[in-house]
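S.K.: Requesting a structural model of the entry that follows:
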Amino acid sequence: MKKVFKIIFNIAKFVYIFTLLVYLVFICIHRLSIDRSILGYRVFTINNDEMSPKYKVNDIIVTKDYNPSKLKVGDDISYLGTCCGQGGMIVNHRIIKVDKESNKITTKGINSSIEDPEI
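M.R.: This is a model prediction of the structure:
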């Protein structure tokens with residue numbers, strides 16, 4: 001019986017330590033990747049409610065660098081805003097239009113009625 005409890009305790013300890021290490025790695029990546037990709041991934045914090053109810057304020061999201069030509073309507077993307085109050089800020093919005101001819105994408109927050117400028 002003691003052997004069974006010891007095995008269960010060791011498994012629980014491993015799961016706890018592994019979860020803690022994964023959490024610490026994400027925190028480090030979040031702090032270090034302000035405007036950089038680490039192994040193709042970036043970590044951001046949601047700072048407004050334009051994408052609620054899918055993403056709430058202070059949610060942490062992990063994004064992957066992706067080929068823009070493969071993006072489609074309905075995808076949620078993160079990009080560096082360039083104008084209209086979004087200049088220099090990371091924007092997390094959903095794609096609502098893709099113009100293949102001009103390679104332009106239009107996005108909008110789920111909880112917003114205003115489309116963003118084309119990117």
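
S.K.: per-residue confidence at Ala12?
M.R.: On the pLDDT scale, Ala12 is placed at 95.

S.K.: So Asp76 is in contact with Lys54, correct?
M.R.: Yes - with contact taken as CB atoms under 8 Å, Asp76 and Lys54 are classed as touching, separated by 7.4 Å. Yep, even glycine has a C-beta here, placed from its N, CA and C like the rest.

S.K.: the strands in the chain, which residues?
M.R.: Ranges of strands within the chain are 41-45, 60-64, 76-80, 90-99, 104-108, based on DSSP state E.

S.K.: For those, could you give me CSV that also reports mean neighbour count and distance to Asn10?
M.R.: What follows is the strands of the chain, written out as CSV (neighbours: other CB atoms under 10 Å; distance: least, CB to CB, whole Å):
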stretch, mean neighbour count, distance to Asn10
strand 41-45, 16, 31
strand 60-64, 14, 30
strand 76-80, 15, 40
strand 90-99, 17, 40
strand 104-108, 18, 48
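
S.K.: Appreciated, that's everything.
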